[in-house]
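Fold the following for me, if possible:
(one chain, ligands or ions: 1)
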Amino acid sequence: MRRTTPRILILGGGFAGIAVASRLERRLRAGEASITLLSRENFSVFTPMLPEVCSGALEVRHIVTPIRSQLRRTTFVLADVGGVDIAARTVQLTHALTGERETLPFDHLVIALGSETSTFGVPGVREHSFALKTLEDAALLRNRLVWLLEAADATRDAAERRRLLTITIVGGGFTGVETAGEIVELFASVVRFYPNIAPSEVRVVLVEAETALLPGLPSRMGAYAARRLAARGVVVKTGSGVTRADAQALELQHGERIETATIIWSAGVTPSPAVAGASLPLTKRGAVIVESDLSVRAHAGIWAVGDCAAIPEEDGGVYPPTAQHAIREGPLLADNIVAVLRGRPTRPFRFRSLGMMASLGARKAVAQLPGNRVLTGFPAWFLWRTYYLLRLPGLDRKVRVAFDWTLDMVFPRDVAELRVYRRLPSEVP
Ligand SMILES: Cc1cc2nc3c(=O)[nH]c(=O)nc-3n(C[C@H](O)[C@H](O)[C@H](O)COP(=O)(O)OP(=O)(O)OC[C@H]3O[C@@H](n4cnc5c(N)ncnc54)[C@H](O)[C@@H]3O)c2cc1C
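This next block holds a predicted model:
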């Protein structure tokens, strides 16, 4: 019987999936295996810059890189994963634009589907809050922030204006902290265009259930972030979780009700549920449990990586779901597939975190450096910008972002409220 070329199928075009495919392209000899990558968007998003898209400091397209321009030897499929049949070794997919369904066979399957926003079932949150996880979320939020300035400027009702001008961010991790800092920057830049709004009327509230911001990081970082944000006018509320949300307000555990028209939920993520029915070993949160070489035990040729995988650390925990880890797990996973194809032993994933950084707006940031040292203020902000600019994929994207940042130092942010329709009138049912 003629042997076919092994088929490697990667699900997800985020940090992890792209890292796997790029390394496979470099390592595989011509004809050694075929690579297919399937994802629901034809670009990858540089998530650390999403808060700046939401505040208008960066243009929406500048922080995404087309998958087709990043990968040359990989077949790209723009589709949604419907399910995985481990026994039949196939993936069911629905093409994102045509809705056509198809089944793709594989020999090696890499699950790199990331995570999605989790509201932890808190009543009303799913219906009444904005997420900040995808590019669409950031673009939607940016328009929302401009919309509410227009609405507040137009209303004569003082209580309604106060509610419109109260933006509440839930989650004091790095996403929430950065978003709060960025929104303050946006309002500081543009509120002068709205004669009926006094700058003091704008209220940005940051809510964190733990007793300090940036939980899990050195306490000095959280304390510095709280001080800096408070100095910029952000109302920081720690030690009280959210109990419910509705169209008018957000309620906290200790009974407070914050009248707000915009709730931004950045309190947590949960692994992608797309492979939940595939009878793979999953944690309670739904992450695929893998061995230290990123393979799934007792399922030869099945691998998982990034936010959707529970990858064992040496000390018994699991690696955190960050881009920093995903971009290092991906190449190791690719090397291990190549090792299996060549009949060689695989290697375990071992990595010590380089630290975390959070930009706070107004050219200030806070950074955890190796050895648990903490850097604050302008040097940390400079480090944040330099590091992430270098990490952004694609020279053209780097140049565009550098230009956006330069222009942002000179000009106020854009308050064009865009209503962009996706379909032609004839296509609307
Ligand atoms: C606002 C924000 C800021 C962040 N800042 C930082 C930071 O500063 N530093 C850091 O280290 N980490 C940061 N992170 C975390 C980081 O983004 C994630 O850890 C990282 O994206 C994980 O990579 P991944 O490839 O596992 O998942 P993702 O990057 O989420 O990629 C998953 C891919 O799978 C696709 N997909 C999902 N479901 C389906 C489906 N059913 N069908 C088809 N395709 C699907 C998605 O479209 C996506 O392309 C941030 C996250 C956010 C939201």
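
Kindly provide the distance from V77 to S115.
Distance, V77 to S115, using Cβ to Cβ, to the nearest Å: 21 Å. Heads up, the C-betas are built off the backbone N, CA and C, glycines and all.

Just confirm V53 is within a helix.
Yes - using DSSP: H, G, I helix; E, B strand; the rest coil, the assignment for V53 is a helix.

Please tell me the pLDDT value assigned to it.
What the model reports for V53 is a pLDDT of 96.

neighbours around it, how many?
Residues contacting V53 under the criterion other Cβ atoms under 10 Å number 26.

can you check V305 too?
With other Cβ under 10 Å as criterion, V305 counts 33.

Surely it touches D293?
No - contact between V305 and D293 fails when scored by Cβ atoms under 8 Å: they sit 10.9 Å apart.

top strand in the chain by residue count?
Counting by DSSP state E, the longest strand found in the chain is strand 75-85.

Just give the strands next to that one in its sheet, each with its orientation.
Here strand 75-85 has these sheet partners by DSSP bridges: strand 34-39 (parallel), strand 90-95 (antiparallel).

Name the stretch among those strands that sits most buried.
Among the strands paired with strand 75-85, ranked by average contacts under mean count of other Cβ atoms under 10 Å, first place goes to strand 34-39 (a mean of 22).

anything in that one sitting right up against the ligand?
Yes - shown here: strand 34-39 in contact with the ligand (Cβ under 6 Å from any ligand atom) through S39.

so after that strand, what's the next helix or strand?
strand 43-45 (DSSP states H and E).

For that next one, which strands pair with it and how are they oriented?
Partners of strand 43-45 in its sheet, by DSSP bridges: strand 64-66 (antiparallel).

how close does the residue of the stretch 251-400 of the chain found nearest the ligand get to V399?
The minimum distance from the stretch 251-400 of the chain to the ligand, using Cβ to the nearest ligand atom, falls at G306 (2.2 Å). From G306 over to V399 the distance is 28 Å, taken as Cβ to Cβ.

would you turn the strands paired with strand 75-85 into TSV with distance to T134 and mean pLDDT?
Output for the strands paired with strand 75-85, formatted as TSV (distance: least, Cβ to Cβ, whole Å; pLDDT from 0 to 100):
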stretch	distance to T134	mean pLDDT
strand 34-39	12	98
strand 90-95	18	97
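
Format those as JSON lines; extra columns: distance to V177.
Below are the strands paired with strand 75-85 laid out as JSON lines (distance: least, Cβ to Cβ, whole Å):
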{"stretch": "strand 34-39", "distance to V177": "29"}
{"stretch": "strand 90-95", "distance to V177": "37"}
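
residue contacts, the residue in the stretch 101-250 of the chain positioned nearest to the ligand?
The minimum distance from the stretch 101-250 of the chain to the ligand, using Cβ to the nearest ligand atom, falls at G114 (2.5 Å). Applying Cβ atoms under 8 Å, 6 or more residues apart in numbering, one finds that G114 lies in contact with 12, 14, 16, 271-272, 306-308.

ok, 10 Å please
11-17, 39, 45, 47, 133-134, 269, 271-272, 274, 305-309, 321, 326 (Cβ atoms under 10 Å, 6 or more residues apart in numbering).

Repeat that for V275.
11, 81, 83-84, 86, 91, 109, 111, 113, 282, 286, 288, 302, 304, 308.

If we use 8 Å, what do you get?
11, 81, 83-84, 111, 113, 288, 308.

ok, now G241?
209, 252-253.

and the stretch 51-200 of the chain, which residues reach the ligand?
Counting by Cβ under 6 Å from any ligand atom, the stretch 51-200 of the chain sits next to the ligand at 80-81, 112-114, 132-133, 174-175.

now these: which count as buried?
Buried by 16 or more other Cβ atoms under 10 Å: 81, 112-114, 132-133, 174-175, out of those.

Take those and lay them out in CSV including secondary structure and distance to E182.
Below are these laid out as CSV (DSSP: H, G, I helix; E, B strand; the rest coil; distance: Cβ to Cβ, whole Å):
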residue, secondary structure, distance to E182
V81, strand, 32
A112, coil, 28
L113, coil, 27
G114, coil, 22
L132, coil, 10
K133, coil, 16
F174, helix, 12
T175, helix, 10
